[in-house]
Structure formats: structure tokens, C-alpha cells
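Colleague: please work out how this folds:
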Amino acid sequence: LDPAAGHDLYGASLPGALVLAIGAEGPGLSERLRSFAAIRLRIPLADGVESLNATVAAAVVLFELRRRRG
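Modeller: Presented below is the predicted three-dimensional model:
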């Protein structure tokens, strides 16, 4: 996950196996780890919401993947 990424979680194509990498809430992921990413996703937030806790962000993504894959 990358809050500055261009791919919206809800619109991105996410076929096959995935590895979900979530960095610390302050510094995020290291540049080295980012370099391995085939796709970077962001969770769209409502106006006025600055960020999500890393654990909450992981839960949102896992829920969306489960919803898509039934």
C-alpha cells in the first residue's frame, strides 16, 4: 500500500497471488521494498481523513480481496 500510489484499490485489477506489504504509519515502506512492487495501491479516503492506521488499512485490503474472490 502506498498513499501516493496511482492505483485505487477498488478499481485495480488484482488477479492471482498477492503479497501485501504495509509499512509503519510514519515512514511507510522502504524504497528497496517499494522497488519490488508490481503494483502500488491506495485506499481512497473521504475528504478530511488524513490517513489510516496500518492495521486498519490491512483489514480494508484483505476484506476487499475476500469480497472479490468470494
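Colleague: residue 6 is in contact with residue 41, isn't it?
Modeller: No. Using CB atoms under 8 Å, residue 6 is not in contact with residue 41; the gap is 9.2 Å. Using the backbone N, CA and C atoms, a C-beta is placed for each residue, glycine as well.
Colleague: who's more crowded, those two?
Modeller: With neighbours defined as other CB atoms under 10 Å, residue 6 and residue 41 compare such that residue 41 has more, 22 against 10.
Colleague: list the contacts of that one.
Modeller: 1, 2, 5, 7, 8, 9, 12, 61 (CB atoms under 8 Å, 6 or more residues apart in numbering).
Colleague: tell me how far it lies from residue 34.
Modeller: Residue 41 sits 12 Å away from residue 34, going by CB to CB, to the nearest Å.
Colleague: joint contacts of these two?
Modeller: Both residue 41 and residue 34 are contacted by residue 2, under the criterion CB under 8 Å, 6+ apart.
Colleague: so which bits of the helix of greatest length in the chain are buried?
Modeller: The single longest helix within the chain, with elements called by DSSP state H, is helix 54-69. Residues of helix 54-69 classed as buried: 57, 61, 64 (neighbour count, 16 or more other CB atoms under 10 Å).
Colleague: ok, of those, which one's closest to residue 47?
Modeller: Using CB to CB, residue 57 is the member of these that lies nearest residue 47, at 18.0 Å.
Colleague: doesn't residue 2 make contact with that closest one?
Modeller: No. Using CB under 8 Å, residue 57 makes no contact with residue 2, being 10.6 Å away.
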